[in-house]
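**Student:** what's the 3D shape of this:
(one chain, ligands or ions: 1)
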Amino acid sequence: MLPHIDRMAGYIPGEQPRDPGGIIKLNTNENPYPPSPRVAEAIQTGLADGRLRLYPDPSGTAFRQAVARRHGVTPDMVLAGNGSDDCLTILTRAFVGPGDPLAYPTPSYILYRTLAEIQNAQPVEVPFLPDWTLPADAFSSTGAPLAFLANPNSPSGTMRPPSEVAAIARQFSGTLVVDEAYADFADEDCIGLVSELPNVIVSRTLSKGLSLAGLRIGYLIARPEVIEGLNKVKDSYNCDALSLLGGTAAIDDAEYTRSIRSRVVTTRRRLTEAVRALGYSVPESQANFVWCEGGPPAEEMYESLKAQKILVRLMRYSGHQPGLRVTVGTDEQIDRFLEVIGTILGKRSR
Ligand SMILES: *Cc1c(COP(=O)(O)O)cnc(C)c1O
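**Tutor:** Residues are numbered from 1 along each chain as shown. Sure thing, here's the model as predicted:
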């Protein structure tokens, strides 16, 4: 084993109970609604036509065409990945050499550090300002060939508007990857910047907004010459035949995506106000979760909720108090969460 791999802690995903029955899962930002019914139809058709015997289309042409239609770009600007985590891995392998700095803000997605460590690169963490903004020169002095910016950010749910992201990219000499895993729940996105600025790449996933976390499919939008380079790095068949079929069907069902989005956004409003009323400070979320800091002790709430079969994500970042990241579930799930946390707090104050 290489010594730098030996030294790594490794990324620890949120808990996935083996028997999710009876558990309200608000810990890994899965969509509470099922995917478009067209996904199962497309997969059934694919199974029936004997597709599993053959290797899949190495570049996922039909999927890339659907993505291109969705965002008004050309298919040569799209790379399909086995989830967006695969896309982020491909980018790290393509852009960051051993010993190179890899920059990203903190607190943010913990996987960025893991990707840097696997590559034996140097993680460079740029702290968010207390109001979750970043200065335009956030990455300018890092010397990094690559920076990741989750936008909307996790765990805060906050979003930097495209004009600010553009300003950050303009002052950065490396390539800025805007990780838009949660953009389906936001009012804006940065896809327009890919054509405007030579050093911007956008990453997307179908795991959150399109309810397909179990299928594993995501994509990048970048300039054609960048996609051409990344194609040399990715595994030849990084997306399987069924993911490509299901993913294409989900992307094409824009009306369904809009309908589940609007339900999540409505529940998000209600959840935000309710947890603020419990004493937490909650930044305005543009994602499908809310970040609860500074109220009743996070560890204790996490444990008490878990004892009542409600899983939320307890997150610890150095220099910050532990906080709770709570996924926006269905209205019924959020009612139950609020009822249980209300009871816990009531008992505590007696
Ligand atoms: C969930 C998430 C991803 C990964 O999504 P997959 O497509 O399921 O791999 C990427 N970035 C952020 C910030 C996420 O929260």
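
**Student:** any idea how far the residue of the stretch 51-200 of the chain found nearest the ligand lies from Tyr109?
**Tutor:** Residue nearest to the ligand within the stretch 51-200 of the chain (CB to the nearest ligand atom): Gly83, separated by 3.0 Å. C-beta: built from backbone N, CA, C; applies to glycine. According to CB to CB, to the nearest Å, Gly83 stands 13 Å off from Tyr109.

**Student:** likewise Ser262?
**Tutor:** In terms of CB to CB, Ser262 sits 26 Å off from Tyr109.

**Student:** Return the per-residue confidence for the nearest residue to Ser140 once chain neighbours are set aside.
**Tutor:** The shortest distance from Ser140 to any non-neighbouring residue, by CB to CB, 6 or more residues apart in numbering, is to Gln171 (4.4 Å). Predicted confidence (pLDDT) for Gln171: 98.

**Student:** Please look at Gln171 and Leu134 and confirm they touch.
**Tutor:** No: the criterion here is CB atoms under 8 Å, and Gln171 misses it with Leu134 at 10.8 Å.

**Student:** Neighbour count: these two, which is higher?
**Tutor:** Leu134 (20 against 15; other CB atoms under 10 Å).

**Student:** quick one: which helix or strand includes that one?
**Tutor:** Under DSSP states H and E, no helix or strand contains Leu134.

**Student:** Determine the longest helix present in the chain.
**Tutor:** Of all the segments of type helix in the chain, defined by DSSP state H, the longest one is helix 254-277.

**Student:** can you list contacts of it?
**Tutor:** Contact partners of helix 254-277, identified using CB atoms under 8 Å, 6 or more residues apart in numbering, comprise 31-33, 36-38, 70, 184-185, 209-211, 250, 282, 284-285, 288, 290, 292, 295, 326, 328-331, 334, 338.

**Student:** what's the helix or strand following it packed up against?
**Tutor:** The helix or strand immediately downstream of helix 254-277 is strand 289-292, counting by DSSP H and E. The contact analysis (3 or more CB pairs under 8 Å, 6 or more residues apart in numbering; DSSP states H and E) places strand 289-292 against helix 254-277, strand 323-327.

**Student:** quick one: is strand 289-292 near the ligand?
**Tutor:** No: figure legend: strand 289-292 not in contact with the ligand (CB under 6 Å from any ligand atom); closest approach 8.9 Å.

**Student:** Parallel or antiparallel, which strands does that strand pair with?
**Tutor:** strand 323-327 (antiparallel) (DSSP bridges).

**Student:** How far does the strand it pairs with sit from its chain's centre?
**Tutor:** Taking the mean of its C-alpha atoms, strand 323-327 sits 15 Å from the chain's own mean (CA atoms, centre = their mean, to the nearest Å).

**Student:** Show the average pLDDT along it.
**Tutor:** pLDDT averaged over strand 323-327 gives 98.

**Student:** circling back to that earlier point, quick one: the residue of the stretch 51-200 of the chain closest to the ligand and Arg313, what's the gap?
**Tutor:** For Gly83 relative to Arg313 (CB to CB), the value is 18 Å.

**Student:** Same question for Asp331.
**Tutor:** As judged by CB to CB, Asp331 and Arg313 stand 20 Å apart.

**Student:** In contact with the residue of the stretch 51-200 of the chain closest to the ligand, which residues?
**Tutor:** Going by CB under 8 Å, 6+ apart, Gly83 touches Thr205, Ser207, Arg216, Ile217, Gly218.

**Student:** show me where this structure has strands.
**Tutor:** 24-26, 78-81, 101-106, 122-127, 146-150, 175-179, 200-205, 218-221, 289-292, 310-315, 323-327 (DSSP state E).

**Student:** ok, how many other residues are close to Tyr112?
**Tutor:** 26.

**Student:** correction: Leu338
**Tutor:** Other residues near Leu338 come to 16 when the count uses other CB under 10 Å.

**Student:** Quick check: the residue nearest to it when sequence neighbours are not counted vs Cys292, distance?
**Tutor:** Spatially, and ignoring its direct neighbours in sequence, Leu338 is nearest to Ala274 (5.2 Å; CB to CB, 6+ apart). Going from Ala274 to Cys292 by CB to CB gives 10 Å.

**Student:** the more surrounded of those two?
**Tutor:** Counted by other CB under 10 Å, Ala274 and Cys292 do not tie: Cys292 has more neighbours, with 26 against 18.

**Student:** how about that one, what does it touch?
**Tutor:** Cys292 makes contacts with Val275, Tyr280, Ser281, Val282, Ala298, Gly323, Leu324, Arg325, Val326, as judged by CB under 8 Å, 6+ apart.

**Student:** And for Val290?
**Tutor:** By CB under 8 Å, 6+ apart, Val290 lies in contact with Gly157, Arg268, Leu271, Thr272, Val275, Val282, Arg325, Val326, Val328.

**Student:** Near the ligand, list only the ones from those residues.
**Tutor:** Okay, of the contacts of Val290, nothing touches the ligand (CB under 6 Å from any ligand atom).

**Student:** Of those, just say which sits nearest to Thr74.
**Tutor:** Thr74 has its nearest neighbour among these in Gly157, at 31.6 Å by CB to CB.

**Student:** Nothing else from me, thank you.
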